[in-house]
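Participant: could you look at this predicted model? Sequence included:
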Amino acid sequence: MKKYLGPLSKDNPILVQTLGVCSALAVTAQLKPAVVMALSVTVVCAFSNLIISLIRNTIPSRIRIIVQLLIVSFWVVLVDLLLQAYFYEISKLLSVFVGLIITNCIIMGRLEAFALSHKPWPSFMDGVMNGLGYGLVLVVVAFFRELLGSGTLWNHQVVPNALYHAGYLNNGLMILPPMALILVGVMIWVRGSGVDR
Amino acid sequence: MSDIFNIFIRSVFIDNMVFAYFLGMCSYLAVSKSVKTASGLGLAVCFVLAITVPVNYLIDKYLLQPGALSWLGSSFAQVDLSFLSLIIFIAVIAGMVQLLEMVIERYMPALYMALGIFLPLIAVNCAILGGSLFMQERNFPTVAHSFSYAIGSGLGWLLAITAMAALRERLKYSNIPEPLRGNGIAYIITGLMGLGFMAFLGI
């Protein structure tokens, strides 16, 4: 089990390998869309890894990029339609970023680097763990942005009203998109300066 | 006409791909180490966006949207192929990039040498697919609007990556805390640049 845990911190896709930043940051103003996005990426990553690994010996290496893109987009369309059917509100909120999972570098990177040369079960686990490593960063960033920016968590108010009466104000800066980048920068700083020495 | 110009200005400064939507961040962070390569990649992105967005616009408008096939006859008016749009868009982008690479290599060898390694990478750059998806979401009335949107976002991306590369060339000489060197400080700088760009919101 231990060999699969790397992506959570030591080889974290966002913090260490700088992959998949593209779609990661735009959805983190609130906790709920961040969790849904993290789950979608985990599902797409795990199952694309599984399928590519199953057919890895039959793909001609010259056209492998196109094959990979098609398999990934198959899963993304599936996830997109499921979200539209059962979680319409969130799907509206995530808008184009579900579609952008196709070009998420984490998924292409794991397919190229892992699934093409490993057996199905390890590939599947690798996909799950990388998805979760990505999700971890998303959830942490979204937690702080929603808590400090709007005083809520998962749309429930957590900052007590008494505090507002005493003069506490939400930090409107946290809602703005650039703060996501600065928070990730701070996470890299924290991680680098102690956790994984 | 003023509409088209508005879209252009909006997409360069206010809806900047990098600072407002974080699109193309992976290559933005990876390739922004020197101004020369950064501007090369920026140009390539501009170029590919300017071609793929209008093409995808036409495909979306005349093949994929609900009721888009009505030019084939009234019996096709009910057909809705929009669930195919993701797959078609990515296929068009991959195909266009391949085609472009061959054309440029044949007729403009100097440009090919300048863009060379970046062109194939662009097929999986989220800024390109993002351009097409935002185009679809915004429902531009004519193909000229979508073209101006594409050029604008491309230029915005070029602006962002070139500015970042210039800053990073200078950063080599500054004294940054050890754990923050490299990507950490790059994220924070991008965030600060994004805050700066928000000043354009008033335009």
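Facilitator: Yes, it's here. Only a predicted model underlies this, so the values are computations on that prediction, with no experimental measurement involved.

Participant: how about the helices in chain A?
Facilitator: In order along the chain, chain A carries the following helices (DSSP state H): A:21-24, A:31-54, A:64-86, A:88-94, A:96-99, A:105-113, A:120-150, A:161-165, A:178-190.

Participant: I misspoke; the intended subject was chain B.
Facilitator: Counting by DSSP H, chain B has these helices, from start to end: B:2-9, B:17-21, B:25-31, B:35-59, B:85-107, B:109-115, B:118-122, B:126-138, B:143-171, B:183-197.

Participant: can I get the second one in PDB, CA atoms only?
Facilitator: Below are the C-alpha coordinates for helix B:17-21, written out as PDB (Å, rounded to 0.1, in the frame of the first residue of the first chain):
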ATOM      1  CA  MET B  17      -6.600  33.600 -19.900                       C
ATOM      2  CA  VAL B  18      -3.900  33.300 -17.300                       C
ATOM      3  CA  PHE B  19      -4.800  35.800 -14.600                       C
ATOM      4  CA  ALA B  20      -8.600  35.400 -14.600                       C
ATOM      5  CA  TYR B  21      -9.100  31.700 -15.600                       C
END
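
Participant: show me what it is packed up against.
Facilitator: Contact analysis of helix B:17-21 by 3 or more C-beta pairs under 8 Å, 6 or more residues apart in numbering or on different chains; DSSP states H and E lists helix B:126-138, helix B:143-171, helix B:183-197 as its packing neighbours. In short, each C-beta sits where N, CA and C put it, glycine included.

Participant: now with 6 Å?
Facilitator: Using 3 or more C-beta pairs under 6 Å, 6 or more residues apart in numbering or on different chains; DSSP states H and E as the contact criterion, the elements in contact with helix B:17-21 are helix B:143-171.

Participant: repeat for the fifth one
Facilitator: Where contact means 3+ C-beta pairs under 6 Å, 6+ apart, helix B:85-107 is packed against helix A:64-86, helix B:35-59, helix B:109-115.

Participant: what angle sits between that helix and helix A:64-86?
Facilitator: Taking axes from the mean of the first three to the mean of the last three C-alpha atoms, to 10 degrees, one finds helix B:85-107 and helix A:64-86 inclined to each other by 150 degrees.

Participant: identify each buried residue in helix B:85-107, please.
Facilitator: B:85-90, B:92-94, B:96-97, B:100-101, B:104 (16 or more other C-beta atoms under 10 Å in any protein chain shown).

Participant: how about the longest one?
Facilitator: Of the residues in helix B:143-171, B:145-165, B:167-168 count as buried by neighbour count, 16+ other C-beta under 10 Å.

Participant: ok, now stretch B:195-203?
Facilitator: If you call a residue buried by 16+ other C-beta under 10 Å, then stretch B:195-203 has these buried ones: B:195, B:197, B:198, B:200.

Participant: chain center to it: distance?
Facilitator: Taking C-alpha atoms, centre = their mean, to the nearest Å, the mean C-alpha location of stretch B:195-203 is offset from the chain mean by 20 Å.

Participant: repeat that for stretch A:178-195.
Facilitator: With C-alpha atoms, centre = their mean as the basis, the distance from the averaged C-alpha position of stretch A:178-195 to the chain average is 16 Å.

Participant: ok, and what's touching it?
Facilitator: For stretch A:178-195, the surrounding residues in contact (C-beta atoms under 6 Å, 6 or more residues apart in numbering or on different chains) are A:15, A:25, A:28, A:141, A:173, B:179-180, B:184, B:187-188, B:190-191, B:194-195.

Participant: filter those down to the buried ones.
Facilitator: Among the contacts of stretch A:178-195, those classed as buried by neighbour count (16+ other C-beta under 10 Å) are A:15, A:25, A:28, A:141, B:179-180, B:184, B:187-188, B:190-191, B:194-195.

Participant: can I get the CA coordinates of the least confident helix or strand in chain A by mean pLDDT in CSV?
Facilitator: Ranking every helix and strand in chain A by mean pLDDT, DSSP states H and E puts helix A:21-24 at the bottom, with a mean of 72. Included here for helix A:21-24 are C-alpha records, laid out as CSV according to Å, rounded to 0.1, in the frame of the first residue of the first chain:
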residue,chain,number,x,y,z
VAL,A,21,-2.7,23.6,-12.2
CYS,A,22,-4.8,24.8,-15.1
SER,A,23,-8.2,23.7,-14.0
ALA,A,24,-7.3,23.3,-10.4
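
Participant: returning to what we had before: any chance of JSON lines for the helices of chain B, columns mean pLDDT and distance to residue A:84?
Facilitator: As requested, the helices of chain B are arranged in JSON lines below (pLDDT from 0 to 100; distance: least, C-beta to C-beta, whole Å):
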{"stretch": "helix B:2-9", "mean pLDDT": "88", "distance to residue A:84": "27"}
{"stretch": "helix B:17-21", "mean pLDDT": "84", "distance to residue A:84": "21"}
{"stretch": "helix B:25-31", "mean pLDDT": "80", "distance to residue A:84": "26"}
{"stretch": "helix B:35-59", "mean pLDDT": "88", "distance to residue A:84": "21"}
{"stretch": "helix B:85-107", "mean pLDDT": "84", "distance to residue A:84": "12"}
{"stretch": "helix B:109-115", "mean pLDDT": "74", "distance to residue A:84": "38"}
{"stretch": "helix B:118-122", "mean pLDDT": "71", "distance to residue A:84": "29"}
{"stretch": "helix B:126-138", "mean pLDDT": "88", "distance to residue A:84": "14"}
{"stretch": "helix B:143-171", "mean pLDDT": "92", "distance to residue A:84": "24"}
{"stretch": "helix B:183-197", "mean pLDDT": "88", "distance to residue A:84": "30"}
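
Participant: fine, thanks again, bye for now.
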